[in-house]
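# Based on what follows, work out the 3D shape:
(one chain, ligands or ions: 1)
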Amino acid sequence: MTAEEPESPKPASAPARTPLEVEILTLFPGMLEGPLAESIPGRVQARGLASVRVHDMRHWGLGRHKSVDDYTYGGGAGMVLRPEPVAAALEALRRPDSTVILPDPGGEVFTQARAHDLAGRTHLIILCPRYEGVDERIRSMVDLELSIGDYVLSGGEIPALVVVDAILRLLPGAIDSESTAEESFTGGLLEYPQYTRPPVFGETAVPDVLTSGHHEAVRKWRLKESLRRTARRRPELLADRQMSKEEARLLAELRDEASAEAQSDAPSPE
Ligand code: ADE
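Residues are numbered from 1 along each chain as shown. You can find the predicted model right below:
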């Protein structure tokens, strides 16, 4: 999957383009190849739904040593990615339909909504910085800076894997579309609890409604449990939500249940 640089001679007929093409620029191709070849990312590529090519950024490095980084002006620890190798790489890879992405802890927080948006594009180029960061002039070469959370990783490779994995599994035909339609965040709520066999494990039994065969009751239970979990764990997701009447009613039920529980837990007056 690693693209050979310079490009190996083209076969007589160029391979058909997949609906989504992803190019990843990195100094550590080995960090990406294994995870991208396995499981859903591997299957998506084998089925021709997407292609992911990993490019060694050093191919565009400067001088005899193919250098890509340098000391930071003004002094300070660490090395900074230079703009010239990045500009050269983008010149070689960029197309009119490209979206160039820079993983960066200061970027837009990556969400499921952004994953859906990127899954609808045709050509993504992800530039993985290493070292202490990138020369500021590189930012004007990219379309989107993405953060995968408020912590600092040692480079952009793991964020790139996170972003690519989240996108590839959304491509039509990648996985059962019912699972992506119902999973956490897709509807703006966390996912409801799921159970499989055995029916009783330790002290805990599977809720009766799930084995009742009553589809409407199961649907309602799942919605209510999604709301319960979201209210407990991620209340901010509910704050901006346009509630349906049913959701508002179920939330009110949850509130009534919680206050009834609080009252029954309160110590009785002496
Ligand atoms: N590079 C280092 N840390 C990162 C983060 N949290 N998100 C995206 N890119 C990063």
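# The longest strand anywhere in the chain vs the ligand: in contact?
The longest strand of the chain (DSSP state E) is strand 98-109. Yes: under the criterion of Cβ under 6 Å from any ligand atom, the ligand is reached by strand 98-109 at 103-105. All C-beta atoms are positioned from the backbone trio N, CA, C, and that covers glycine.
# Please tabulate the residues you listed in CSV, including the columns neighbour count, pLDDT and distance to residue 219.
CSV is the format used below for these (neighbours: other Cβ atoms under 10 Å; pLDDT from 0 to 100; distance: Cβ to Cβ, whole Å):
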residue, neighbour count, pLDDT, distance to residue 219
103, 25, 98, 38
104, 21, 97, 41
105, 16, 95, 40
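# So which residues of the stretch 151-270 of the chain form helices?
Ranges of helices in the stretch 151-270 of the chain, per DSSP state H, counting those that start in this stretch, are 157-168, 177-182, 215-233, 235-239, 245-265.
# closest to the ligand out of those helices?
Nearest to the ligand, of all the helices of the stretch 151-270 of the chain, is helix 157-168, at 3.7 Å by Cβ to the nearest ligand atom.
# Dump the C-alpha coordinates for that closest one into CSV.
Extracted in CSV, the C-alpha atoms of helix 157-168 (Å, rounded to 0.1, in the frame of the first residue of the first chain):
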residue,chain,number,x,y,z
GLU,A,157,0.1,9.4,12.2
ILE,A,158,-2.3,8.2,14.9
PRO,A,159,-4.7,11.0,14.3
ALA,A,160,-4.6,10.2,10.6
LEU,A,161,-5.5,6.6,11.3
VAL,A,162,-8.4,7.7,13.5
VAL,A,163,-9.7,10.0,10.9
VAL,A,164,-9.3,7.5,8.0
ASP,A,165,-10.9,4.7,10.0
ALA,A,166,-13.9,6.8,11.0
ILE,A,167,-14.4,7.8,7.3
LEU,A,168,-13.8,4.4,5.6
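# now for that helix, which elements pack on it?
strand 20-26, helix 30-37, helix 39-46, strand 50-56, strand 98-109, helix 112-119, strand 123-127, strand 144-147 (3 or more Cβ pairs under 8 Å, 6 or more residues apart in numbering; DSSP states H and E).
# How far does it sit from its chain's centre?
The gap between the average C-alpha position of helix 157-168 and the chain average comes to 5 Å, counting by Cα atoms, centre = their mean, to the nearest Å.
# what do you get for stretch 122-136?
In terms of Cα atoms, centre = their mean, the gap separating the centre of stretch 122-136 from the centre of its chain is 16 Å.
# now check that stretch, is it near the ligand?
No: between stretch 122-136 and the ligand, judged by Cβ under 6 Å from any ligand atom, nothing touches; the nearest distance is 7.1 Å.
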